[in-house]
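Engineer: Provide a 3D model corresponding to the input given below.
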Amino acid sequence: MYDQIARFYDLTHASLTDDLPFVLQLAADTDGPVLELGCGSGRLLLPLARAGHNVTGLDLSAGMLDRARARLAQEPTAVQQRVTLHQADMSNFTLPEGAPFGLAVVPYNTLFHLDTAQALAMLRRVRTVLGGNGRLFIDTANPVDLANTPEDALLSLENVLTDPETGELIVHLASNRLDSANQTLHITWIYDVSAPNGGPVNRTVAQAAYHYRYPHQLELLLQEAGYQLLHLWGGYDQSPYEETSNSLLILATKQ
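Structural biologist: Here you go, the predicted structure:
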């Protein structure tokens, strides 16, 4: 799916920066390299490398990794040497032997892409590459917000953007369909692209299924995979999670 929308990702997520200071602090408190699962085009990976951390990024999308490599090529040599990229399924990956990771990051809503079996497989696989004191950080939106999505499947306007490289106008639309029985939000993204001088509109349509989980469900998954829950936060200010929180943030360690 992300291969379809790779060219739009950085544009539509340009304002997504609230998590960066928090992740940088987690990495600063970490002894060992960082593993990012679902690294995409490098939104978190590059700032981590600039801050002096050795980072390995995994992503299934070749298109997103191509963008990450293009961005990385613009960085100083020292930053480039701190980054390793792999195209792999985060629930079933193999990495070359090396130092165990001190921190694994499953960033902004990435966990939602995995069903229960995939999420459990990912947690177990990550556990094998974490060091003895290694920690796992998971960042998702508040599942209560997803569960309260109106079941009308109406198309809504998300963004109107201009691509600074091409001058093209991009109209970003979205439609949601909630399957509350299976705790799944089905999302359709539409990107209508028109040239600066007008002409035909080129449409890209992509679909995703977000598998949301409540805190008690995530804690059970973590226990089954061999982790101990350390913190359950509702935001990057480390406030306790509540049903009205903006986010659901988890920090866990190996048992």
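
Engineer: just for the stretch 151-255 of the chain, where's the confidence low?
Structural biologist: Within the stretch 151-255 of the chain, no range satisfies pLDDT under 70.

Engineer: what about the strands in it?
Structural biologist: Secondary structure of the stretch 151-255 of the chain, counting by DSSP state E, counting those that start in this stretch: strands at 155-162, 169-179, 184-195, 198-211, 227-233, 247-254.

Engineer: closest one to Gln81 among those strands?
Structural biologist: The closest of these to Gln81 is strand 247-254. By C-beta to C-beta, the value is 28.3 Å. (C-beta placed from N, C-alpha, C; glycine too.)

Engineer: List every C-alpha atom in that closest one, with coordinates, as CSV.
Structural biologist: C-alpha atoms of strand 247-254 as CSV (Å, rounded to 0.1, in the frame of the first residue of the first chain):
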residue,chain,number,x,y,z
SER,A,247,-2.3,8.7,22.4
LEU,A,248,-1.6,5.3,23.7
LEU,A,249,2.2,5.0,24.3
ILE,A,250,3.8,1.8,25.7
LEU,A,251,7.3,1.2,27.1
ALA,A,252,8.2,-2.4,27.9
THR,A,253,11.3,-4.4,28.5
LYS,A,254,12.3,-8.1,28.1
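
Engineer: quick check: domain ranges of the chain?
Structural biologist: 2-142+212-254, 146-209 (automatic domain parsing).

Engineer: With mean neighbour count added, can I get those in a markdown table?
Structural biologist: Output for these, formatted as a markdown table (neighbours: other C-beta atoms under 10 Å):
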| stretch | mean neighbour count |
| --- | --- |
| domain 2-142+212-254 | 18 |
| domain 146-209 | 14 |
